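J.: I would like to see how this sequence folds:
(one chain, ligands or ions: 1)
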Amino acid sequence: MIQVPSPLRLRLDSNALIANWRWLAARSGSAACGAAIKADGYSLGARSVMRRLTAVGCRDFFVATWGEAAALMPLPEGVSLSVLHGVGASDMIAARTLPVRPVLNSLEQVARWREAGEGRPCDVMIDTGMNRLGLRVEEALGGTLNGLRIEALLSHLASADEDSDQNAAQLAAFRAVREAVPARRYSLANSAGICLGRDFAFDLTRPGIALYGGTPRDEAAGHIRQVVYPETRVLQVREVVAGESVGYGATWTAPRNSRIAVANLGYADGFLRCHAAADAGASWQGRALPLIGRVSMDLIAFDASDAGAIDEGDWLALDYDLPRTAVRSGLSQYELLTGLGARFERIWI
Ligand SMILES: *Cc1c(COP(=O)(O)O)cnc(C)c1O
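T.: Numbering: from 1, shown residues only. From the prediction side, this is the model:
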């Protein structure tokens, strides 16, 4: 195969990832701190994230599907992996073959695992108010789970990123279930839940977004470091005359004679049109290049008039601070990360 250099790359900061995990682990108190690495590690690369976090002591990982779990084989020594979406009838072969636990989400799945799980351990999700996945609290009581080898009993917070009464209500409901259902460990908090305080940590926390540089709540601001730095290469630098327009729909007109840097990036890479808001842009050697005009499928334009000697082949660093970019674009920090496409080469630094 010919090696083709990519004109798009994500610089991924290993030290920032590790520092974020360590901060979340410290905030988790005596609870173990795991990692949600579904959606290919929020698009950074699940295997790369797992390797880096395992090296600093993280032992508990969560993916969404059995396909994601299978792609992570073989697991590093001593690592536990759970599949959040549970075990459907068509998942049983994978579930019996892989050294991975299902998170049982319904009475049907409990019955299926009792019947065909050969006594192997599982996790169980209890729905304490989100009404997405999991057994209802009343379904979990009264002995339905007796005899299962429950490694971790989970629930998931619906509004942890807000100061909502639902947080205390879910905490109370989870405590009640914990009294009634024996399990080796109990786990409630995602990234935002960790910020809510030690009461929410129980035995095991499951951060995702904050590992990757997202700020789930104000408590994390100033502690969570940016991990993902998207960069794109300049394809062409062109001069436009005052009054000429740039791009589809001619939405940007040059107020003066301008230099335009056209780069290899577009909505097909997850860089959507909604990024083209007032203060979006990139930088090159410390100089700001405002984004101009509409984002195309594979191309994007910047005003490089103040960017000195920028030229074809130069790398532009996109402004991609997650909380700020989320506000600007109207996308969530989760959408910003998981949308970053396959054409970015992932380069860990
Ligand atoms: C995705 C997910 C997490 C991680 O959530 P973040 O908000 O990214 O920290 C934790 N638990 C469950 C069940 C999840 O689905």
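
J.: rest of the way, CA atoms for contacts and neighbours
T.: OK.

J.: Now do the domain split for this structure, please.
T.: 14-214, 228-320 (automatic domain parsing).

J.: among those domains, which is nearest Leu8?
T.: Nearest of the domains of the chain to Leu8, taken as CA to CA: domain 228-320 at 4.6 Å.

J.: contacting residues around the residue in the stretch 51-200 of the chain that the ligand sits nearest to?
T.: Using CA to the nearest ligand atom, the single residue of the stretch 51-200 of the chain nearest to the ligand is Ser191, 3.6 Å away. With contact set as CA atoms under 8 Å, 6 or more residues apart in numbering, Ser191 has these partners: Leu24, Arg206, Pro207, Gly208, Ile209, Ala210, Pro216.

J.: same question, Arg259
T.: Each residue near Arg259 by CA under 8 Å, 6+ apart is listed here: Val237, Arg238, Glu239, Val240, Asp303, Ala304, Ser305.

J.: is it true that it lies in a strand?
T.: Yes: Arg259 forms part of a strand when assessed by DSSP: H, G, I helix; E, B strand; the rest coil.

J.: how about the helices in this structure?
T.: Ranges of helices in the chain, per DSSP state H, are 14-27, 38-42, 46-55, 66-70, 92-97, 107-116, 137-140, 165-180, 191-195, 322-329, 333-338.

J.: Include mean pLDDT when you put the domains of the chain into CSV, please.
T.: Below are the domains of the chain laid out as CSV (pLDDT from 0 to 100):
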stretch, mean pLDDT
domain 14-214, 97
domain 228-320, 96
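
J.: Tell me which of those lies nearest to Ser6.
T.: Nearest to Ser6, of all the domains of the chain, is domain 228-320, at 8.9 Å by CA to CA.

J.: what does the stretch 51-200 of the chain put close to the ligand?
T.: Residues of the stretch 51-200 of the chain lying close to the ligand by CA under 6 Å from any ligand atom are His156, Asn190, Ser191.

J.: Now the second one: phi and psi?
T.: By that I understand Asn190. Backbone torsions of Asn190, given as degrees, to the nearest 10, read phi -90, psi -160.

J.: and the nearest residue to Pro121 once chain neighbours are set aside, what does it touch?
T.: Spatial nearest neighbour of Pro121, excluding adjacent residues (CA to CA, 6 or more residues apart in numbering): Arg149 at 4.7 Å. Contact analysis of Arg149 by CA under 8 Å, 6+ apart lists Gly119, Arg120, Pro121, Cys122, Ala183.

J.: ok, Ser296 - contacts?
T.: Neighbouring residues of Ser296 by CA under 8 Å, 6+ apart: Gly247, Tyr248, Gly266, Tyr267, Arg273.

J.: hmm, try it at 10 Å
T.: Neighbouring residues of Ser296 by CA atoms under 10 Å, 6 or more residues apart in numbering: Gly247, Tyr248, Asn264, Leu265, Gly266, Tyr267, Ala268, Phe271, Leu272, Arg273.

J.: my guess is the fourth one contacts Arg273, does it?
T.: No: applying CA atoms under 10 Å, one finds Leu265 not in contact with Arg273, separated by 11.3 Å.

J.: residues shared between the contacts of those two?
T.: What both Leu265 and Arg273 touch, as defined by CA under 10 Å, 6+ apart, is the set Val295, Ser296, Met297, Ile300.

J.: Can you pick out the most distant pair from these?
T.: Maximum distance among the shared contacts of Leu265 and Arg273 (CA to CA): 8.3 Å, for Met297 and Ile300.

J.: count of neighbours near Ser258?
T.: Ser258 has 18 neighbouring residues, counting by other CA atoms under 10 Å.

J.: swap in Ala261?
T.: Here the number of neighbours of Ala261 (other CA under 10 Å) works out to 27.

J.: Run through the residues that contact the closest residue to it other than its chain neighbours.
T.: Sequence neighbours aside, Val237 is the residue nearest to Ala261 in space, at 4.5 Å (criterion: CA to CA, 6+ apart). Going by CA under 10 Å, 6+ apart, Val237 touches 259-263, 301-304, 310-313.

J.: again, but for Glu151
T.: Residues in contact with Glu151, defined by CA under 10 Å, 6+ apart, are Arg101, Val103, Arg120, Pro121, Cys122, Asp123, Val124, Pro182, Ala183, Arg184, Arg185, Tyr186.

J.: any idea how far the residue nearest to Pro121 lies from Pro182?
T.: The spacing between Arg149 and Pro182, counted by CA to CA, to the nearest Å, is 9 Å.

J.: still on that earlier bit, from the contacts of Val237, which ones fall inside strands?
T.: Within these, residues falling in strands by DSSP state E are Arg259, Ile260, Ala261, Val262, Ala263, Ala301, Phe302, Asp303.

J.: between these, which is nearest Ser283?
T.: Among the ones in strands among the contacts of Val237, and counting by CA to CA, the member closest to Ser283 is Phe302, at 9.7 Å.
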